[in-house]
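>>> Fold the following, please.
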Amino acid sequence: MTFKTILALVLGTGLFAGTASAQMTTTGDMTGHDHAMMGHEGHQPGHLGHKAHHHGPLGVMGRHILPKGKFMLAYRIGHMQMQGSRIGTTDVSPAFIATTVPNRFFGLPGQPPTLRVVPTEMRMTMHMLGVMYGATDRLTVGAMVPYVSKSMSALTFAGPAGAAVLGGNKMASEGLGDIRLGAHYEAMRKGPRSLNLGLGISLPTGSITETDVMLTPMGTRPLRRMAYGMQLGSGTVDLMPMVTWQSARGRWHWGAQAHGVIRLGKNSEGYALGDEAALTAWTGVKPAPWLSLSGRIEAKTAGRIRGQDPFIAGPMQGADPLNYGGETVTMFAGADLGVMRGPLKGHRMGMELGVPVYQDLNGVQLKRDWSVVFAWRKAF
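The predicted structure follows:
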């Protein structure tokens, strides 16, 4: 099954949900007030149809429009793990990479003909603190501040050729990521159906000059600038447009969203990460007023890095700008729980787990293994 076929299926899921909702006349799930996500919106005229939408997937941003004057605080922690390498859709071993994949920098002093430092695993954890504010009953603005930590393990193969392993590498980076500001506008509401338009801007507050010690094929351990994927930010101002459609009937809710990332020029080091576009569709059910379960599918495409950092070089796949981007399809499952009584009344907690089902990667890259996000939210 090709990526275009899978993307068409995802889009078809969203269009099917839209067609089904157009035939419905109910006003969504009216079984309880979701104070945790939207404050006391149950008492706000024009916002009764929001209730089922509050229980959508955690990984879909821009679904909520707060009543005028209301705040919402949120804390998220997400973890993503990558393991094993892939060329296109084919898994390859570290020894295969070390003996056959050309080194972009071959010909420069000390550079071997093939990639001799091969990543085997990468982990990323992101803490995100966010605040949202209802500027009007149809316009919500917000900001998110991330703190990022990344770690990578790699094997260094001895000398310029052969499959003998010299030793292992451990690299890490940690610090403030790119701060995001955004606004979401409710362009249409008809009963339980709504259409939200969003525009975010990512500010280049994350470092793009992180360094660490690397074991080279010749046995030395110089301090070098790490690969693009180990940096903490993009270094550019990025626009993040999105369109979100959603609806509900009874205990069920569903929707679709298209979103992207547009890099505005190159950064101070001479490159720009690839632009991104994604489409996701989801459905969910509320088996109880305090619990929502959801499932979704996301198709995403990302471009290669444009330009090159002159200080990122070496016989490692992450140093080559062409080894970034590709096409992926990921399945997610999530749960969202709201506390309805007691000292924690009004608090919401949820999680979402993601597993890739299709990965067609540019060049040679580590492939995604799984991801998970946990979140806490409280409206005031």
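
>>> Quick check: mean pLDDT of whatever helix or strand residue 197 lives in?
Residue 197 belongs to strand 193-202 when assigned by DSSP states H and E. For strand 193-202, mean pLDDT rounds to 97.

>>> Report the buried residues of it.
For strand 193-202, the neighbour count (16 or more other CB atoms under 10 Å) marks 193-196, 198, 200, 202 as buried. Where you see a C-beta, it was placed from the backbone N, CA and C, and this is true even at glycine.

>>> Nearest to residue 118 among these?
Of all those, residue 118 sits closest to residue 202, with 30.8 Å by CB to CB.

>>> what bridges to that closest one?
residue 180, residue 238 (DSSP bridges).

>>> oh, and call the first residue 50 from now on, that's how I've got it
Shifting the count to begin at 50 puts that one at residue 251.

>>> I figured it was touching residue 289, is that so?
Yes. If you go by CB atoms under 8 Å, residue 251 and residue 289 touch, sitting 6.3 Å apart.

>>> Pull up the overlap in contacts between those two.
229, 310 (CB atoms under 8 Å, 6 or more residues apart in numbering).

>>> Could I get the contacting residues of residue 385?
Counting by CB under 8 Å, 6+ apart, residue 385 touches 104, 107, 340-343, 397-399.

>>> try 7 Å this time
104, 107, 341, 397, 399 (CB atoms under 7 Å, 6 or more residues apart in numbering).

>>> Strands of the stretch 150-299 of the chain, start to end?
Counting by DSSP state E, counting those that start in this stretch, the stretch 150-299 of the chain has strands at residues 166-183, 188-206, 214-225, 229-239, 242-251, 260-262, 272-274, 286-298.

>>> Return the angle between stretch directions for the first one and strand 188-206.
Yep, that's strand 166-183 we're talking about. 170 degrees (axes from the mean of the first three to the mean of the last three CA atoms, to 10 degrees).

>>> swap in the fifth one?
Orientation of strand 242-251 against strand 188-206 (the same axes, to 10 degrees) gives an angle of 60 degrees.

>>> What is strand 242-251 packed up against?
Secondary-structure packing of strand 242-251 (3 or more CB pairs under 7 Å, 6 or more residues apart in numbering; DSSP states H and E): strand 229-239, strand 286-298.

>>> Serialize the contacts of residue 385 to CSV and add fields for pLDDT, distance to residue 352 and secondary structure.
Output for the contacts of residue 385, formatted as CSV (pLDDT from 0 to 100; distance: CB to CB, whole Å; DSSP: H, G, I helix; E, B strand; the rest coil):
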residue, pLDDT, distance to residue 352, secondary structure
104, 63, 34, helix
107, 88, 26, coil
341, 95, 35, strand
397, 95, 35, strand
399, 96, 31, strand
